[in-house]
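Novice: Prediction below, plus the sequence it came from.
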Amino acid sequence: MAESLPRIILIDANDSFVHNIKDRFLRLGHQLEILPYADYDPNRPLDADALILSPGPGHTSEYPKWFQLLQQIEPHIPVLGICLGFQLLATHYGAKLNPMEQVVHGQQQKCTQLSWHPLWENIPQTFTIGRYHSWEIDPNSLPETLLPLAQAEDACLMAIAHKTLPHLGVQFHPESFMCPNGTQLFKNFLALIPWE
């Protein structure tokens with residue numbers, strides 16, 4: 001790839017979906033560097049123009065190195081959290097996770113935007129998503145620093161954005177075939193990366 005393209009690192013929580021994420025970015029002309037969570041060393045600076053926190057199994061408490069990463073990176077570096085990564089961003093900033101009464105796995109549903117954000121550029125206000133998760137963000141615990149961006153049909157929070165930092169998260173899977181607007185969402189995230 002051209003040297004002028006931004007360096008995007010995807011921290012992989014050992015999830016098979018990361019290859020679909022990489023493929024979506026390749027379609028947009030961008031390469032992703034996949035760094036397994038187990039190989040990430042918080043004691044070494046991570047040189048990246050943007051970060052993606054992947055989907056994955058388990059609870060955010062099982063990934064302490066991700067919390068260290070968010071404390072160490074430069075504030076201007078865009079971060080996109082997907083599913084587990086979304087939950088991690090939310091809890092990093094003070095939100096709480098609740099186990100869902102009914103697990104949602106492989107379900108295609110409608111999602112509605114709650115607030116405008118550049119992440120929604122050229123995406124309908126109501127759009128189709130794919131959900132795979134057993135934990136959800138308690139909406140009453142969302143701190144003032146985070147803006148709710150979208151919710152699913154059951155009112156479950158589906159997207160957040162930090163109000164002053166380029167840190168975003170989506171509970172759904174944009175890389176899934178069940179999310180036809182996923183490539184556009186990734187394109188919009190790329191537009192948030194400052195690079196020349």
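Specialist: Received, thanks.
Novice: from here on, contacts and neighbour counts on C-alpha atoms
Specialist: OK.
Novice: Next, report how far stretch 16-32 is displaced from the centre of its chain.
Specialist: When C-alpha coordinates are averaged (C-alpha atoms, centre = their mean, to the nearest Å), stretch 16-32 and its chain have centres 14 Å apart.
Novice: quick one: terminal-to-terminal distance for that stretch?
Specialist: Criterion C-alpha to C-alpha, to the nearest Å; first-to-last residue distance in stretch 16-32 is 15 Å.
Novice: List the contacts of the helix or strand of the chain with the lowest mean pLDDT.
Specialist: Between all helices and strands in the chain, the lowest mean by mean pLDDT, DSSP states H and E belongs to strand 97-113, at a mean of 90. Around strand 97-113, the neighbours that count as contacts under C-alpha atoms under 8 Å, 6 or more residues apart in numbering are 87, 91, 125-138, 149-153, 158, 178-179.
Novice: Return the subset of the residues you listed lying in strands.
Specialist: Per DSSP state E, strands hold the following members of the contacts of strand 97-113: 126-137, 149-152, 158.
Novice: Now restrict these to buried residues only.
Specialist: By neighbour count, with 16 or more other C-alpha atoms under 10 Å, the ones in strands among the contacts of strand 97-113 hold 128-137, 149-152, 158 as buried.
Novice: Now do the helices in this structure.
Specialist: With DSSP state H, the ranges of helices along the chain come out as 18-27, 64-72, 84-92, 182-191.
Novice: Please work out which of those is packed deepest.
Specialist: For those, the largest average neighbour count (mean count of other C-alpha atoms under 10 Å) is found in helix 84-92, namely a mean of 26.
Novice: hmm, who's touching that one?
Specialist: Helix 84-92 has contacts (C-alpha under 8 Å, 6+ apart) with 52-57, 59-60, 66-67, 70, 80-81, 96-97, 136-137, 142, 146, 159-160, 167-171.
Novice: Of these, grab the buried ones for PyMOL.
Specialist: Restricted to buried positions by 16+ other C-alpha under 10 Å, the PyMOL selection for these reads:
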select buried, resi 52+53+54+55+56+60+66+67+70+80+81+96+97+136+137+142+146+159+160+167+168+169+170+171
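Novice: middle-most residue in this structure, spatially?
Specialist: By C-alpha atoms, centre = their mean, the chain has its centre lying nearest to Gly81, at 2.1 Å.
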